[in-house]
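Novice: Any chance you can model this:
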Amino acid sequence: MFVTAGMDLKFHEINEASLFTYKPFSFGNITSVSWSGDNGFMTVLTENGAPEIISLNDPKHVKTVHVITTIKDVSVATFQRTTKRFIGLGTYSGQSILYDTKNTAIHQQFPDVPGAINLLDFNYGDRQMAVSSCSGNLFIFDINNVNQRKMYATPNSVSALRFHPNDRNFLICGVENGSIMKWDIEVGKIVHCNQLHSAAVSGLALTNCSDTYISVGYDNKFCIYDTNSGTCTFRSNQRHPLTSVDSHIEDYTVAIGTLFGKLYIYDVRNLIIPLASEIPHNSKINRIAFENNKMKDIVLNGVPESSISLQPEIKFTNHNLDANVNNSDMNIDCDNVNVNESKQVDVIENQKSPSALLKQEVANAVRTCAEDLQIQIAKQMENLQEFILNEFKTICNGIESKWDFQNFGDAISEEVHECKTSQ
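Specialist: Numbers count the residues shown, from 1 in each chain. The predicted model follows:
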């Protein structure tokens, strides 16, 4: 199962229409969605709204079980990967918080960061938490050491952020200028950097069973990369800006959302033609999220946790923590980094042959233009048919007019002849 988030939340199954819809209490675009470790709960956050926790134990009766109201101006909310108890929260004022849903209280508060926090993610095992701010910086917090922080400067504001589902040190981020960087957070270095997008990267997804990751952007492109080398193995140009992407953790399914509410489902082994497409939303699909791997949750956790508490929240206190933290500042420029950079798919090495790439590009172009061409032809045929009918009507009207005039002339001639005869 997976969800798409626009003005409301829609739940889907592969190759099926939308199963059901959930409307948050707060009206507006849904900017953040996240599954709990056991897929029994989900966080939903709308613009200028408070984070809602909804229960999915009975899919036919989705209900809100808790609303986090004491932490103000929350900009992002994400469950830890291995639990349903702790949620990472970021705020517009730069606060990073680990929230305890059982005790409805702050479990940890990390040092504030400059600028509003727009993205947050936990790595495999939940040992580190990555947050990005609109100031153009990336921060890594250690969950077990609240005052340990690493900071990396990025060329532009980070617009997409994702940890690898299996490798705790592998972090990938996309930025507003279209660059994509793979980080090794253990050593604090960029492994590779690409810039195949000409506009902001709007979404990233990493597959579990194939060593690839996917990027989508507002330039209408989605790209597939080899995880190890960073080279692009496939690129597609769509008709509309792409706004979100996610992949199924256990197979090859990828879901992509557009600016105008259309949803595409692909198999990464065959990206020429989508498995399915539909329009579940009337506006932008802001987020797509597949449910988690339940077997992984059992392996990492071992012991099941108690349910989310519905007790009243405690009063929030803004703690001013020690600002002396371990920083690692790095100014990043894709043009100056010694990485595997892929400017064009045509020059990818050690991948598919040029003829195979050419076939892919041609097939993709045909696929993306076929629908527009069909619509244009249908409109032209309608116009032609209407033109022909109008011409026939004009001719028929002209013939009838001439015929009536001729009959009128014959009638006058007969009357004149009768008059002369009578005289």
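
Novice: what about the helices in the stretch 151-300 of the chain?
Specialist: Per DSSP state H, counting those that start in this stretch, the stretch 151-300 of the chain carries helices over the ranges 294-301.

Novice: which regions of it sit below the pLDDT cut-off?
Specialist: Applying pLDDT under 70 to the stretch 151-300 of the chain flags residues 208-210, 294-300.

Novice: show me where it has strands.
Specialist: In the stretch 151-300 of the chain, the strands defined using DSSP state E, counting those that start in this stretch lie at 158-163, 170-175, 180-184, 189-194, 201-206, 212-217, 221-226, 232-237, 242-247, 253-258, 263-267, 276-278, 287-290.

Novice: Can you list the strands that the fourth one pairs with?
Specialist: Next to strand 189-194 in the sheet, as set by DSSP bridges, lie strand 180-184 (antiparallel).

Novice: what's the answer for the second one, then?
Specialist: Next to strand 170-175 in the sheet, as set by DSSP bridges, lie strand 158-163 (antiparallel), strand 180-184 (antiparallel).

Novice: What of the shortest one?
Specialist: Sheet pairing of strand 276-278 (DSSP bridges) gives strand 263-267 (antiparallel).

Novice: report the angle between the axes of the partner strand and strand 242-247?
Specialist: Inter-element angle recorded for strand 263-267 and strand 242-247: 40 degrees (by axes from the mean of the first three to the mean of the last three Cα atoms, to 10 degrees).

Novice: Now strand 263-267: buried residues?
Specialist: By neighbour count with 16 or more other Cβ atoms under 10 Å, strand 263-267 contains the buried residues 263-266. For the C-beta atoms, the positions are set from N, CA and C on the backbone; glycine is no exception.

Novice: Now tabulate those in CSV and tack on distance to Leu389.
Specialist: CSV is the format used below for these (distance: Cβ to Cβ, whole Å):
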residue, distance to Leu389
Leu263, 40
Tyr264, 39
Ile265, 42
Tyr266, 43
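
Novice: and which of those is nearest to Val146?
Specialist: Leu263 (39.7 Å; Cβ to Cβ).

Novice: so what's that closest one up against?
Specialist: Contacts were defined as Cβ atoms under 8 Å, 6 or more residues apart in numbering; by that measure Leu263 touches 4, 12, 255-257, 277-281, 285, 288.

Novice: Among the residues you listed, which one lies nearest to Ala105?
Specialist: Nearest to Ala105 out of the contacts of Leu263 is Ile288 (Cβ to Cβ; 31.1 Å).

Novice: Any idea what the closest one is bridged to?
Specialist: Here Ile288, judged by DSSP bridges, has bridge partners Thr4.

Novice: Surely it and Leu9 touch.
Specialist: No - Ile288 sits out of contact with Leu9 when judged by Cβ atoms under 8 Å, with a separation of 11.0 Å.

Novice: hang on, Leu373 is in a strand, isn't it?
Specialist: No - under DSSP: H, G, I helix; E, B strand; the rest coil, Leu373 sits outside any strand and is assigned helix.

Novice: Quick check: can you list the domain ranges of the protein?
Specialist: 2-347, 352-423 (automatic domain parsing).

Novice: winner for burial among those domains?
Specialist: Among those, domain 2-347 has the highest mean neighbour count (mean count of other Cβ atoms under 10 Å), at a mean of 18.

Novice: Could you check how far it is from the centre of its chain?
Specialist: From the chain centre to the centre of domain 2-347 is a distance of 10 Å (Cα atoms, centre = their mean, to the nearest Å).

Novice: ok so, going back, for the strands paired with strand 170-175, could you give me JSON lines that also reports distance to Ile140?
Specialist: JSON lines is the format used below for the strands paired with strand 170-175 (distance: least, Cβ to Cβ, whole Å):
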{"stretch": "strand 158-163", "distance to Ile140": "10"}
{"stretch": "strand 180-184", "distance to Ile140": "9"}
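
Novice: Would you give the sheet partners of the one helix or strand Met129 maps to, along with the direction of each?
Specialist: Met129 belongs to strand 128-133 when elements are defined using DSSP states H and E. Partners of strand 128-133 in the sheet, by DSSP bridges, are strand 117-122 (antiparallel), strand 137-142 (antiparallel).

Novice: Give me the residues contacting it.
Specialist: Here strand 128-133 makes contact (Cβ under 8 Å, 6+ apart) with 88, 90, 94, 96, 98, 110, 113-123, 138-143, 154, 157-158, 161, 163, 168, 171, 173, 185.

Novice: switch the cut-off to 6 Å
Specialist: Contacts with strand 128-133, where a contact means Cβ atoms under 6 Å, 6 or more residues apart in numbering, come from 88, 90, 96, 113, 115, 117-122, 138-141, 158, 161, 171.

Novice: And for stretch 192-207?
Specialist: For stretch 192-207, the external contacting residues (Cβ under 6 Å, 6+ apart) are 159-160, 162, 164, 172, 174, 176, 178-182, 213-219, 221, 223, 230, 232, 243-247, 334, 337, 339-340, 342.

Novice: can you give me the helices for the stretch 1-150 of the chain?
Specialist: Going by DSSP H, counting those that start in this stretch, the stretch 1-150 of the chain shows no helices.

Novice: Okay, now the unreliable bits of it?
Specialist: In the stretch 1-150 of the chain, residues with pLDDT under 70: 17-18.

Novice: List the residues that contact the spatially most central residue of the chain.
Specialist: Nearest to the geometric centre of the chain sits Ser244, at 0.8 Å (Cα atoms, centre = their mean). Contacts here follow Cβ under 6 Å, 6+ apart; on that basis Ser244 touches 203, 257, 285, 287-288.

Novice: One more: Gln80?
Specialist: Taking Cβ under 6 Å, 6+ apart, we find Gln80 in contact with 86, 122, 126.

Novice: Kindly recompute the last result at 10 Å.
Specialist: Residues counted as contacts of Gln80 (Cβ atoms under 10 Å, 6 or more residues apart in numbering) are 34, 36-37, 86-88, 98, 122-123, 125-126, 129, 143.

Novice: Which member of the residues you listed is positioned nearest Gln385?
Specialist: Set against Gln385, the nearest of the contacts of Gln80 by Cβ to Cβ is Ser34 (53.0 Å).

Novice: That closest one touches Glu52, doesn't it?
Specialist: No - using Cβ atoms under 10 Å, Ser34 is not in contact with Glu52, being 11.4 Å away.

Novice: Return every residue with contacts to both of the two.
Specialist: Residues touching both Ser34 and Glu52 comprise 42-45, 77, with contact defined as Cβ under 10 Å, 6+ apart.
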